[in-house]
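Asks: sequence and computational prediction follow.
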Amino acid sequence: MTVIIDYGVGNLFSLASSLEFIGEAAKVSGDPEKIRRADRIILPGVGAFGDAAAKLRESGLDRVIIEEAGAGKPLLGICLGMQLLFERSFEFGEHRGLGLIPGSVRPIRDIIGEGLKVLHIGWNRLIFPEGKPKSRLYKYTREGEYVYFVHSYHGADYEEYISAYTDYGALLTASVENAAGFVFGTQYHPEKSGRVGLEILRAFCEIGGRP
Amino acid sequence: MITKRIIPCLDVRDGRVVKGKNFLGLRDVSSPVRLAEFYSDSGADELVFYDITASAEGRAIFTDILTECARKIFIPLTVGGGINSIADFDRVLKCGADKVSVNSGAIKNPSLVYEAAKRYGSQCVVLSVDIKRVDGSFRVFARGGRDDTGIEAIEWLRRGVGNGAGEIVVNSIDTDGVKGGFDLELLAAVCEAVDVPVIASGGAGSIGDFITLFKTLPGVDAGLAASVFHFGEIDIKTLKAALTRENIPVRI
């Protein structure tokens, strides 16, 4: 059973539908007990980092997520949910994140160069880092496949946690993974990335927790 | 590199697609769900559902269809038509829409774009504008292109982006239905004025029109069309193969 964490941020319909479509039992819930009982958890999110981080803290779900991830339960953050995994974000000020992935969330504007729109929206290719084993998230995915992005910030600072990049005038972080290999984050929306996205979700749902 | 998007638009009235032809292997062409699946499988990058229903019953059928599509199709879905309030945003987002397209609603309610962007984020708010040349200037038209609002279009779009619209759909009334190509002059003016993604609509008649669009105006992010896809005049797979040959990046 996968629990999609409901903390009042974003539209969870498509994500729940995509899991249902691949035959994964999924529940949308903000109940700490259900999250603790889940085999794996997904942290979704769209909107502003500061608001979302505040909502997680107010509900106490930040502690639950940190504890469960610390115990080796597979966790997947999607889009803003991925950014929340980082230590901090510089979107409209400075905000504290969950600290499950070292590094900061920074505006892509600073690196993409002149003439590109600061909202990276649309389909772009996955580029795997050289000299690193492929993430378990990409068990069914080849380099160069397209996924759907909508963002103007990305997670940065430490290359060692990046499991895929994408090229938008500069290399942007497409996905991350922690050192233990149980915390994952995708900047793109797998639930909106067609067949490729469904295969990424399937790979995540096949990952078991730390015994 | 980010790819150029190809977006079919489905006009839905009382739960049925308004125009369509018999695609090979597609029995029920007027079923929005079947047609949406067909487009998604053909390589459409996104789908737009335009609700042209007038009645409340029709609206309810529309949201049921949207829900069914969102359960089966995992590419971005945009909904437009009859979006006049935050309640309308809420209604379609709950049923699985990813983005909401506002047209006349933004003219009737000038704070709608701002309010929606504040609540749902700019990425969710698409400002769609019907534009026609009047006395040498670009004017915004309302009610499906019937009423001249007198509003200058480029300034209107600039203001919409300032209020938080995350993408712009430019429907040229002058080129719509003519099938002689997109309105490059208008689109160039829009690209110059705004820094959010621009989706070109109105005038696509051939694969060459899409090639010309993306080659002439690198600032255009997507091409939207309805009838050329519905009537099978352009097959999306063939279109994308042709764009790739012209070195225009598309998702294959």
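Replies: Arrived safely. Just so it is clear, the model here is predicted, and its values are computed rather than measured. Numbers count the residues shown, from 1 in each chain, chains lettered A, B, ... in the order given.
Asks: all helices for the stretch 151-252 of chain B, in order.
Replies: For the stretch 151-252 of chain B, applying DSSP state H, counting those that start in this stretch gives helices covering B:153-162, B:184-193, B:207-216, B:227-230, B:236-245.
Asks: same question but for chain A, I mixed them up
Replies: A:13-21, A:32-37, A:49-59, A:61-70, A:80-83, A:109-112, A:194-205 (DSSP state H).
Asks: which of the helices of the stretch 151-252 of chain B sits most buried?
Replies: Mean neighbour count (mean count of other CB atoms under 10 Å in any protein chain shown) peaks for helix B:227-230 among the helices of the stretch 151-252 of chain B, with a mean of 22. From N, CA and C alone the C-beta is placed, and that goes for glycine too.
Asks: so how far is that helix off the chain centroid?
Replies: For helix B:227-230, the separation from the chain centroid amounts to 13 Å (computed by CA atoms, centre = their mean, to the nearest Å).
Asks: which strands and helices sit next to it?
Replies: With contacts defined as 3 or more CB pairs under 8 Å, 6 or more residues apart in numbering or on different chains; DSSP states H and E, the packing partners of helix B:227-230 are strand B:5-13.
Asks: what residues does the stretch 151-252 of chain B put near chain A?
Replies: Within the stretch 151-252 of chain B, the residues that sit near chain A (CB under 8 Å from any CB of the partner chain) are B:166-167, B:195-197, B:221-222, B:251.
Asks: again, only using 10 Å
Replies: Proximity of the stretch 151-252 of chain B to chain A, by CB under 10 Å from any CB of the partner chain, involves residues B:166-167, B:194-198, B:218-219, B:221-222, B:249-252.
Asks: filter these to the buried ones?
Replies: Neighbour counting over those (16 or more other CB atoms under 10 Å in any protein chain shown) leaves B:166-167, B:194, B:196-198, B:219, B:221-222, B:249-251 as the buried ones.
Asks: want to try CSV for those, with pLDDT and distance to B:Asp88 as columns?
Replies: Output for these, formatted as CSV (pLDDT from 0 to 100; distance: CB to CB, whole Å):
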residue, pLDDT, distance to B:Asp88
B:Gly166, 95, 17
B:Glu167, 96, 18
B:Val194, 96, 24
B:Val196, 95, 22
B:Pro197, 96, 22
B:Val198, 98, 24
B:Gly219, 95, 30
B:Asp221, 97, 25
B:Ala222, 98, 23
B:Pro249, 97, 35
B:Val250, 98, 32
B:Arg251, 97, 30
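Asks: of those residues, which is the nearest to A:Gly181?
Replies: Set against A:Gly181, the nearest of those by CB to CB is B:Arg251 (29.3 Å).
Asks: nearest to chain A: which residue in the stretch 151-252 of chain B?
Replies: B:Arg251 (4.3 Å; CB to the nearest CB).
Asks: from what I can see that residue touches A:Arg195, true?
Replies: No. In this structure, B:Arg251 is not within contact of A:Arg195 by CB atoms under 10 Å, at 11.4 Å.
Asks: shared neighbours, these two?
Replies: A:145, B:75 (CB atoms under 10 Å, 6 or more residues apart in numbering or on different chains).
Asks: now the strands for the chain?
Replies: Because you didn't say which chain, this covers chain A. For chain A, applying DSSP state E gives strands covering A:2-5, A:26-29, A:40-43, A:75-78, A:86-89, A:95-96, A:101-107, A:120-125, A:146-151, A:153-156, A:162-167, A:171-177, A:183-186.
Asks: let me rephrase: I mean chain B.
Replies: Under DSSP E, chain B gives strands at B:5-13, B:16-17, B:47-51, B:77-80, B:99-102, B:125-134, B:137-142, B:147-152, B:167-172, B:198-201, B:220-225.
Asks: let's have the ones you listed in CSV, adding distance to A:Ile41.
Replies: Formatted as CSV, the strands of chain B follow (distance: least, CB to CB, whole Å):
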stretch, distance to A:Ile41
strand B:5-13, 32
strand B:16-17, 39
strand B:47-51, 30
strand B:77-80, 25
strand B:99-102, 27
strand B:125-134, 30
strand B:137-142, 46
strand B:147-152, 48
strand B:167-172, 31
strand B:198-201, 35
strand B:220-225, 34
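Asks: which one of those has the lowest average pLDDT?
Replies: Between the strands of chain B, the lowest average pLDDT goes to strand B:16-17, which shows a mean of 86.
Asks: now for that strand, which elements pack on it?
Replies: Under the contact criterion of 3 or more CB pairs under 10 Å, 6 or more residues apart in numbering or on different chains; DSSP states H and E, strand B:16-17 touches strand B:5-13, helix B:32-42, helix B:56-72.
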